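Undergrad: Build me a structure from this.
(chains A and B)
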Amino acid sequence: MSASEQKSMHSGSALDIEGQAALWLQRWQFWDWSPSDQAELDAWLAQSTAHEVAYIRLMSGYGRTERLIALRAPRLDRSMLGRLFRIAAAAGVVVALGSAALIYSKPKEVTYTTPIGGRQTIMLADGSRIDLNTDSALRIGTDARRVTLDSGEAYFQIKHDSARPFVVTVGEHRVIDLGTKFLVRSKMDHLDVTLVEGRARIDSGNGGATQSVVLTPGDEVIATAREITKVRKTPQDLSNELGWRRGVIVFQHTTLADAVAEFNRYNPNKILIGSNAVAALKIDGTFPSDDPDSFVEIAQDILHLRVERRGESVVITK
Amino acid sequence: MTASALVDWFVREVLPLEAALMHFLQQNWRNPHEIADLRQDVYVRVYDAARKQIPTHTKAFVFQTARNLLINRVRRDHVVPIEAVPDLETLDVAADLPSPEDATIARDDLRRLRSALDKLPPRCREAVILGRVEGLPGRAIAVRMGVSDATVSEHLANGIRALVNEVYGHDPNSKGQS
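TA: Numbering: from 1, shown residues only, chains lettered A, B, ... in the order given. Take a look at the predicted model:
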């Protein structure tokens, strides 16, 4: 009899071990999880290879039951879930420090939201980092490697773990990290994913027809309910798209319409454009995202456009 | 060999063979109640061997290990003649297997998971739906169902085992597995 066989036989039958592993897994997944719980689990895993393989097997298989969330009834349970998230947050499971929040080992599902013009950095226990841009909502599941971007934009810098891939769900699309830095933006009718570093995959659709696309650095993917298209970005484009993390918006041959839309994401007082001719003008430049006035001044002084204040809004015309 | 590379290999190359391995064990072992233990022993041997060096041909290595294990058990238990365990060459288990990648993104995953979910006992099913589908934490599930935390844990653990067996493509009608 081999040493490993002996070891496994001391630990009970395979089904007993599977039962213990399942109890550990559900405890890790669904209940408060302290460093002492982790130490206890580590000790159990170290007892025998049989424990270890049983746990890996369940863990990996459980990850693949992820698709069950497709069965979620969205309208019915939203308000109840919202209430529960608030309760979980109020219970102090997550410690928020100023604009940065640190999640210690095992959180409940928690929702992060930023107001218009706001920004938040979320540090995960595994060393991954999420930067949440203006006017966004992100949920981190009971498994911290499962997050949902409900609205807005977030930049992910993920510590890779092939046994536990990091998955961002946006509507019926899933972005799966294969060792990665990537930007995800949820828009009205589509999803925008830009890969900065590493590798990632996008799975679109629930149930029946699932489409998959693998991204390499510089790829930007636009996924609608029906199709996925891929375009290439230059390093300069990538850096511009991530300007918000430094508090700036970068325009490069950007139409005024797009530039204004970009400013309006960050500011409650909106800029409006009065005519199509103005909307089509192109501009270059880097602006503080919280300072639309600097942009309006340039429109006035350099582009010689007319600027008119109407209540809280600014209208730009020829 | 880093620990994560070992786990990665086991998840990507060994676990997707499980349905075929179970089939092999069921075909070649008389006592269905021992199949789960045999599978565990195969996994333990394969995993321990890979700590030193990850085998180049995982599939062949796994089935060779399974065959050796059965032969050793036959010798030890003196139950059946050795000829009862066929040569690997005569088995077609290695052919027609889905690749790990295919197995991971099988399109009918959701349909199969759903049917596994429907087969769970009602209270267990309810706990799994609240936890896995709706994403509620354990405490909230206990409140919703009006049962103790320990009962919820029990339901979730049983449900996870059943779903995971489904993921690995077990035949729900065969004996000797959970």
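Undergrad: Could you look up the next helix or strand downstream of the least confident helix or strand in chain B by mean pLDDT?
TA: Across the helices and strands of chain B, mean pLDDT, DSSP states H and E gives its lowest value to helix B:100-104, namely a mean of 43. Sequence-wise, the next helix or strand downstream of helix B:100-104 (DSSP states H and E) is helix B:109-119.
Undergrad: in that next one, what's buried?
TA: With burial defined by 16 or more other Cβ atoms under 10 Å in any protein chain shown, the residues of helix B:109-119 counted as buried are B:109-110, B:112-114, B:116-117. (Each C-beta comes from the backbone N, C-alpha and C, glycine too.)
Undergrad: With chain A in mind, check whether that helix reaches it.
TA: Yes. Interface with chain A: helix B:109-119 contributes B:109-111, B:113-114, B:117 (Cβ under 8 Å from any Cβ of the partner chain).
Undergrad: now B:Gly138: how far from chain A?
TA: Between B:Gly138 and chain A the distance is 4 Å, computed by Cβ to the nearest Cβ, to the nearest Å.
Undergrad: Show me where chain A dips below the pLDDT cut-off.
TA: Counting by pLDDT under 70, the low-confidence segments of chain A come to A:1-11, A:70, A:72-108, A:206-209.
Undergrad: how is it carved up into domains?
TA: Here chain A is described, according to automatic domain parsing, as comprising the domains A:3-66, A:72-237, A:247-317.
Undergrad: Could you grab the helix/strand/coil label for B:Glu34?
TA: helix (DSSP: H, G, I helix; E, B strand; the rest coil).
Undergrad: That one - how many residues pack around it?
TA: Residues lying near B:Glu34 (other Cβ atoms under 10 Å in any protein chain shown) number 17.
Undergrad: Show me what the helix or strand hosting B:Ala19 is packed up against.
TA: In the assignment (DSSP H and E), B:Ala19 maps to helix B:18-28. Here helix B:18-28 touches helix B:35-52, helix B:58-77, going by 3 or more Cβ pairs under 8 Å, 6 or more residues apart in numbering or on different chains; DSSP states H and E.
Undergrad: how does chain B divide into domains?
TA: Taken from automatic domain parsing, chain B resolves into B:3-104, B:109-167.
Undergrad: can you put those domains in TSV and add distance to A:Ile158?
TA: Output for the domains of chain B, formatted as TSV (distance: least, Cβ to Cβ, whole Å):
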stretch	distance to A:Ile158
domain B:3-104	14
domain B:109-167	20
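Undergrad: tell me, which of the ones you listed is the model least confident about?
TA: If you rank those by mean pLDDT, domain B:3-104 sits at the bottom with a mean of 79.
Undergrad: between the buried residues of helix B:109-119, which is nearest A:Leu132?
TA: Comparing the buried residues of helix B:109-119 against A:Leu132 with Cβ to Cβ places B:Leu110 closest, at 29.8 Å.
Undergrad: quick one: that closest one from B:Arg30, how far?
TA: Distance, B:Leu110 to B:Arg30, by Cβ to Cβ, to the nearest Å: 36 Å.
Undergrad: for A:Gly141, what are its contacts?
TA: Taking Cβ atoms under 8 Å, 6 or more residues apart in numbering or on different chains, we find A:Gly141 in contact with A:109, A:147-148, B:135.
Undergrad: Got the phi and psi for it?
TA: Backbone torsions for A:Gly141, taken as degrees, to the nearest 10, come to phi -70, psi 180.
Undergrad: Let me see the confidence value for B:Ile105.
TA: 41.
Undergrad: If we ignore the residues flanking it in sequence, what's nearest residue 13?
TA: This is for chain A. Nearest residue to A:Ser13, sequence neighbours excluded (Cβ to Cβ, 6 or more residues apart in numbering or on different chains): B:Asp37, at 5.8 Å.
Undergrad: my bad, chain B
TA: Per Cβ to Cβ, 6+ apart, closest to B:Glu13 is B:Thr58, 4.2 Å.
Undergrad: just checking, the one you found touches B:Leu15?
TA: No. Look at B:Thr58 against B:Leu15 with Cβ atoms under 8 Å: they stay out of range, at 10.5 Å.
Undergrad: Assign the residue in the stretch 51-200 of chain A that chain B sits nearest to to helix, strand or coil.
TA: The nearest approach of the stretch 51-200 of chain A to chain B comes at A:Gly61, 3.3 Å away (Cβ to the nearest Cβ). Look at A:Gly61: counting by three-state DSSP, its state is helix.
Undergrad: ditto for A:Gly285
TA: Quick answer, by three-state DSSP: A:Gly285 is strand.
Undergrad: Quick check: the gap between it and chain B.
TA: 43 Å.
Undergrad: hey, what's that residue bridged with?
TA: A:Phe251 (DSSP bridges).
Undergrad: give me the number of residues near it?
TA: 15.
Undergrad: before we move on, what about A:Gly243?
TA: Using other Cβ under 10 Å, A:Gly243 has 16 neighbouring residues.
Undergrad: Equivalent analysis for the one 10 residues further on, please.
TA: Burial of A:His253 is recorded as 8 neighbouring residues (other Cβ under 10 Å).
Undergrad: Hmm, A:Leu281 and it touching each other?
TA: No. A:His253 is beyond contact range of A:Leu281, at 10.7 Å (criterion: Cβ under 8 Å).
Undergrad: what about A:Glu153, which SS state?
TA: strand.
Undergrad: Present the contacts of A:Gly141 as JSON lines; the columns should include secondary structure.
TA: Output for the contacts of A:Gly141, formatted as JSON lines (three-state DSSP):
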{"residue": "A:Glu109", "secondary structure": "coil"}
{"residue": "A:Val147", "secondary structure": "strand"}
{"residue": "A:Thr148", "secondary structure": "strand"}
{"residue": "B:Gly135", "secondary structure": "coil"}
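Undergrad: Scan the residues you listed and report the most crowded one.
TA: A:Val147 (26 neighbours).
Undergrad: List the contacts of that one.
TA: A:130, A:138-141, A:166-169.
Undergrad: give me the beta-bridge partners of it?
TA: Assigned bridge partners for A:Val147, using DSSP bridges, are A:Ile140, A:Val168.
Undergrad: returning to what we had before: and for the residue nearest to A:Ser13, the neighbour number?
TA: There are 22 residues near B:Asp37, going by other Cβ under 10 Å.
Undergrad: again with A:Asn264
TA: Neighbour count of A:Asn264, defined by other Cβ under 10 Å: 18.
Undergrad: Within the helices and strands, which one has it?
TA: Per DSSP H and E: helix A:256-266 holds A:Asn264.
Undergrad: what does that helix rub up against?
TA: With Cβ under 8 Å, 6+ apart, helix A:256-266 has contacts from A:116-117, A:133-135, A:244, A:249, A:251, A:254, A:270-273, A:278-283, A:287, A:289-290, A:292, A:295, A:299, A:316.
Undergrad: let's see it at 6 Å
TA: Around helix A:256-266, the neighbours that count as contacts under Cβ atoms under 6 Å, 6 or more residues apart in numbering or on different chains are A:117, A:134, A:249, A:251, A:270-271, A:273, A:278-279, A:281, A:283, A:289, A:292, A:295.
Undergrad: could I get that helix in PDB with only the CA atoms?
TA: Provided in PDB are the C-alpha atoms of helix A:256-266 (Å, rounded to 0.1, in the frame of the first residue of the first chain):
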ATOM      1  CA  LEU A 256     -17.400  68.100 -30.100                       C
ATOM      2  CA  ALA A 257     -20.500  65.900 -29.700                       C
ATOM      3  CA  ASP A 258     -18.400  63.000 -28.300                       C
ATOM      4  CA  ALA A 259     -16.300  65.400 -26.100                       C
ATOM      5  CA  VAL A 260     -19.400  66.900 -24.600                       C
ATOM      6  CA  ALA A 261     -20.900  63.500 -24.000                       C
ATOM      7  CA  GLU A 262     -17.700  62.600 -22.200                       C
ATOM      8  CA  PHE A 263     -17.800  65.700 -20.000                       C
ATOM      9  CA  ASN A 264     -21.500  65.100 -19.200                       C
ATOM     10  CA  ARG A 265     -20.600  61.700 -17.800                       C
ATOM     11  CA  TYR A 266     -18.600  63.400 -15.000                       C
END
